[in-house]
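Chemist: Turn this into a structure:
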Amino acid sequence: MLNCLNMFPVKLKKYNLIYSLGILQLIVSLFLLKLSYSFSPEIPLSERPVIFFVALLIVLSILYLFAVRFRLSSGNVRRLLFFIFAIGLVIRVVMLFSVPVLEDDFNRYLWDGAVSGNGINPYVYSPQQVLNEGPDMFGDVKSHGENILYKINHPHLKTIYPPVSQFVFALSYKLAPYNLLAFKIILLLFDLITLFLLLYSLRIIGFSPLNILIYWWNPLLINEIFVSGHFEVLAFPFVISAILLINRKYIISAFGSLALAAGVKLWPIFLFPLLLKKNLKGLAGFLKSSIFFLIFLAAIFIPITFFKLDSSSGFVAYSQTWENNSSLFRIFLFTGEQILNYLSIHPGHAQRYTRIFVALITIVWILYQALKYDRTLLDLYKRSLFIVAAIFLIGPTQFPWYYTWMLPFLTVIPRFSLLFLTTLLPLYYLRYYLEPSGRLDLFNNYVVWIEFVPIWILIVLESRKKQLLNF
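Modeler: You can find the predicted model right below:
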């Protein structure tokens, strides 16, 4: 792999520098742990040290980028690999005891776990319906979890989380009801499985195992999973397993694993064309593979089929109106509004048309990547990265935790442009500093573009100068 951070002079040996950067990352993480207790829900948002939190995340990200740049040390690989693993694990274990910073989605996870764990379909009733004297079946669940129930954001919407994630929520509830620490421990187990699957992938491809630092030390992933409690990591072992299984021609198992990943979050569905091409053998092979995958999906999503998709459904609300921290999507939306206004059509329809337009672009991009795919494991990781990156970069919701979807693929196919997002995405949390003082327009009109314009510039440079593609 070629280096694209050669603008940084190196006077220390890489071998020694990695150890220093790891220790520094641990120290700053301890500061972040202590700072998290200043974000207790009882403290007013205007009094929380948001800027200090963002600054610490950016510092961690800069340390991380230098560590990625110098990861391929000339020292003892086994010893350095153990150090990388130990530092990442210690930081994760420490962060298990942090207070979620500026995020409260975990309340929904804990509530859904209680509902599913008591044999109730979580897709039927919204938290608000339960609060408004819901059915008798919620009696004990409501009385024991009322503290969580009142803290759920968007309580008028039914859950958006697919059945496999609901199973994990329920498992967490069975282990320790309404306990965020228990849920984080489950996330850590899935994270460790992801680590070992990535190490196995690197070995098969013939890349240095030190590449695992790209995943294991990423501060944004650590913050979003082990501080905020987001569950993106639950999908990673299933996605990587699907890639490894299809590479070994275990077709049915690969599609089953991909379906399970989609049962955590829907985005892995978009990787199906790549896996399909890996095993494509005429029309019969296409139909057989597609039918297997659809059967797996249908079996997993059965719980959702027993309720009506209406305006109170999280799935409907998300697909029709959800938008936050968007960049390129906002440009498409603005352009659509101007076109509709020129055509004397109410610009309010632009939201729907823009989403259709973005969906078509995504489909074309996925098909293009599938056609370019050369059926090697390395290229499968590469094309998967390009697809997932596109889903994130042109989507209407560019949350920092969605960025973590790319990290398993970036571990194998590093891209400076995409890894640099680790440094810029913490700026998203400035919205919580600006919003209490009524200055949210500063975030929407300026901060969002600071987050993403440099990335688009780097992507263009990478596409024009091949030597910048990897580092």
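
Chemist: Tell me, how many residues neighbour Arg394?
Modeler: Careful, residue 394 is Ile; it's not Arg. As a burial measure, Ile394 scores 20 neighbours (other C-beta atoms under 10 Å). Yep, even glycine has a C-beta here, placed from its N, CA and C like the rest.

Chemist: Not counting residues beside it along the chain, what's closest to it?
Modeler: With sequence-adjacent residues excluded and distances taken as C-beta to C-beta, 6 or more residues apart in numbering, Ile394 is closest to Leu328, at 5.1 Å.

Chemist: Check the gap between that neighbour and Ile243 for me.
Modeler: Leu328 sits 27 Å away from Ile243 when distances are taken as C-beta to C-beta, to the nearest Å.

Chemist: what's the answer for Val68, then?
Modeler: When C-beta to C-beta is the yardstick, Val68 and Ile243 sit 22 Å from each other.

Chemist: now do Met406
Modeler: For Met406 relative to Ile243 (C-beta to C-beta), the value is 14 Å.

Chemist: Could you do Tyr381 as well?
Modeler: Distance of Tyr381 to Ile243, given as C-beta to C-beta: 7 Å.

Chemist: intersection of neighbour lists for these two?
Modeler: Common neighbours of Tyr381 and Ile243, counting by C-beta atoms under 8 Å, 6 or more residues apart in numbering, are Ser201.

Chemist: one step back: name the residue in Leu328 and Ile243 with the higher neighbour count.
Modeler: More neighbours sit around Ile243 than around the other of Leu328 and Ile243, counting by other C-beta under 10 Å; the figures are 25 against 16.

Chemist: Going along the chain from the strand or helix carrying that one, find the next helix or strand for me.
Modeler: In this structure, Ile243 sits in helix 236-247 according to DSSP states H and E. Stepping forward along the backbone from helix 236-247, the first helix or strand reached (DSSP H and E) is helix 251-262.

Chemist: all helices for the stretch 201-350 of the chain, in order.
Modeler: With DSSP state H, counting those that start in this stretch as the definition, the stretch 201-350 of the chain shows helices at residue ranges 213-216, 219-222, 236-247, 251-262, 272-278, 282-300, 314-320, 328-342, 350-372.

Chemist: Leu442 is nearest to which of those helices?
Modeler: Taking C-beta to C-beta as the criterion, helix 328-342 is the member of these that comes nearest to Leu442, at 15.3 Å.

Chemist: Name the residues of the closest one that are buried.
Modeler: 328-330, 332-333, 336-337, 340 (16 or more other C-beta atoms under 10 Å).

Chemist: now Ser126: how far from Asn132?
Modeler: Taken as C-beta to C-beta, the spacing of Ser126 relative to Asn132 amounts to 9 Å.

Chemist: out of these two, which sits in the more crowded spot?
Modeler: Ser126 (21 against 10).

Chemist: weakest of the helices of the stretch 201-350 of the chain by average pLDDT?
Modeler: By mean pLDDT, the lowest-scoring of the helices of the stretch 201-350 of the chain turns out to be helix 314-320, with a mean of 65.

Chemist: quick one, what contacts Ile58?
Modeler: So, once contact is read as C-beta under 8 Å, 6+ apart, Ile58 ends up touching 423, 426.

Chemist: Also Phe301?
Modeler: So Phe301 contacts 162-163, 263 (C-beta under 8 Å, 6+ apart).

Chemist: Do you know the pLDDT at it?
Modeler: On the pLDDT scale, Phe301 gets 86.

Chemist: Look up phi and psi at it.
Modeler: Its backbone dihedrals place Phe301 at phi -90, psi 10, with angles given as degrees, to the nearest 10.

Chemist: Could you find the closest non-adjacent residue to the residue nearest the centre of the chain?
Modeler: Nearest to the centroid of the C-alpha atoms of the chain, with distances taken as C-alpha atoms, centre = their mean, sits Tyr402, at 3.1 Å. Of all residues beyond its chain neighbours, the one nearest Tyr402 is Phe392 (5.6 Å), with distances taken as C-beta to C-beta, 6+ apart.

Chemist: what helices or strands is the helix holding Ile243 leaning on?
Modeler: Contact partners of helix 236-247 among helices and strands, from 3 or more C-beta pairs under 8 Å, 6 or more residues apart in numbering; DSSP states H and E: helix 180-205, helix 251-262, helix 272-278, helix 377-394, helix 407-412.

Chemist: What are the contacting residues of the third one?
Modeler: Contacts to helix 272-278, defined as C-beta under 8 Å, 6+ apart, come from residues 242-243, 246-247, 254-255, 258, 286, 289-290, 293, 366-367, 369-370, 373, 375, 380, 383-384, 387.

Chemist: cool, the shortest one as well?
Modeler: Contacting residues not belonging to helix 407-412 are listed as 194, 198, 201-202, 205, 207, 211-212, 214-215, 218, 221, 236, 239-240, 378, 381-382, 384-385, 388, 418-419 [C-beta under 8 Å, 6+ apart].

Chemist: right, and the helix or strand after it?
Modeler: helix 416-419.

Chemist: for the record, mean pLDDT for the helix or strand Leu26 falls within?
Modeler: Of the helices and strands defined by DSSP H and E, Leu26 is found in helix 14-36. Confidence over helix 14-36 (mean pLDDT, whole number) is 91.

Chemist: How about that helix, which residues are buried there?
Modeler: Within helix 14-36, the residues that qualify as buried are 17-19, 21-22, 25, 28-29, 32-33, 35-36, counting by 16+ other C-beta under 10 Å.

Chemist: Helix 14-36 and the next helix or strand along the chain from it, what's the angle between them?
Modeler: Downstream of helix 14-36, the first helix or strand assigned by DSSP H and E is helix 50-69. An angle of 160 degrees separates the directions of helix 50-69 and helix 14-36 when computed by axes from the mean of the first three to the mean of the last three C-alpha atoms, to 10 degrees.

Chemist: How far off centre is the helix holding Ile243?
Modeler: 17 Å (C-alpha atoms, centre = their mean, to the nearest Å).

Chemist: Please enumerate residues in contact with that helix?
Modeler: Under the criterion C-beta under 8 Å, 6+ apart, residues 190-191, 193-194, 197-198, 200-201, 204, 253-255, 257-258, 260-261, 264, 268, 271, 275, 278-279, 377, 380-381, 384, 408 lie in contact with helix 236-247.

Chemist: check contacts around the nearest residue to Gly336 once chain neighbours are set aside.
Modeler: Counting by C-beta to C-beta, 6+ apart, the nearest residue to Gly336 once its immediate chain neighbours are dropped is Ala350, at 3.8 Å. Counting by C-beta under 8 Å, 6+ apart, Ala350 makes contact with 333, 336-337, 339-340.
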